[in-house]
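In: sequence and computational prediction follow.
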Amino acid sequence: MSAILCLNGPNLNLLGQREPGIYGQITLARIEQRLRAAAEPMGLDLIFAQSNAEHVLIDQIHRAPTDGVVFMIFNPAAFTHSSIALRDAILAVNLPFIEVHLSNVHAREPFRAQSYFSDIAMGVISGLGADGYELAFIAAQNYLRSTNTMN
Ligand SMILES: O=C(O)[C@@H]1C=C(O)[C@@H](O)[C@H](O)C1
């Protein structure tokens, strides 16, 4: 069964309590629940992961081909603005992905507008909160259908 990987970077484990005025009050566990509910009727497996460690995220991306992952929804969090290593991991496994940010990174500190991922992403969703994950999931489904990648 084809899988979609939803991968989340540092501090997103604190969603719901972390700066709710910026990141909202929804927890990462609730976002996962909503994506699993969307994936189930599609016959898609969902791998949902979060780590505060760059190498753990890299290893998860390296495993994508072995795990049957055909698309990634990726919130690199603060690594968005710093991690060439994560960029290279995605390029190494040639994994299509959508970059997601809960906040509007272009309406915040200037450094948050810099992304090491946007130019290699299928698209970027930023500022729509948790809805951004579900919108990315819809786009992923359409991409997989259009490329006949869904088993
Ligand atoms: O909005 C988000 O999801 C991103 C999440 C973070 O943790 C920040 O470091 C990014 O700058 C923005």
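Out: Now that the structure is in, tell me what you want to look at. Numbers count the residues shown, from 1 in each chain.
In: just want the most central residue of this protein.
Out: Centroid-nearest residue in the chain: Phe74, 1.8 Å away (criterion: C-alpha atoms, centre = their mean).
In: quick check: Gly132 touching Asn104?
Out: No: in this structure, Gly132 is not within contact of Asn104 by C-beta atoms under 8 Å, at 10.2 Å. C-beta here means a position set from N, CA and C on the backbone, and glycine is covered the same way.
In: more neighbours, these two?
Out: Neighbours were counted for Gly132 and for Asn104 using other C-beta atoms under 10 Å; Gly132 has more, 22 against 14.
In: assumed the more buried one was part of a strand.
Out: No: in this structure, Gly132 is helix, not part of a strand, as judged by DSSP: H, G, I helix; E, B strand; the rest coil.
In: who's in contact with it?
Out: Applying C-beta atoms under 8 Å, 6 or more residues apart in numbering to Gly132 gives the contacts Val100, His101, Leu102, Ile125, Ser126.
In: cool, and His62?
Out: Applying C-beta under 8 Å, 6+ apart, the residues contacting His62 are Ala89, Ala92, Val93.
In: pLDDT weak spots in this protein?
Out: 149-151 (pLDDT under 70).
In: please enumerate the strands of it.
Out: 3-8, 45-50, 69-75, 97-101, 123-126 (DSSP state E).
In: CSV for the ones you listed, including distance to the ligand?
Out: Formatted as CSV, the strands of the chain follow (distance: least, C-beta to the nearest ligand atom, whole Å):
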stretch, distance to the ligand
strand 3-8, 8
strand 45-50, 11
strand 69-75, 5
strand 97-101, 4
strand 123-126, 7
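In: I'd like these written out as JSON lines, with distance to Pro20 added.
Out: JSON lines is the format used below for the strands of the chain (distance: least, C-beta to C-beta, whole Å):
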{"stretch": "strand 3-8", "distance to Pro20": "17"}
{"stretch": "strand 45-50", "distance to Pro20": "18"}
{"stretch": "strand 69-75", "distance to Pro20": "17"}
{"stretch": "strand 97-101", "distance to Pro20": "16"}
{"stretch": "strand 123-126", "distance to Pro20": "18"}
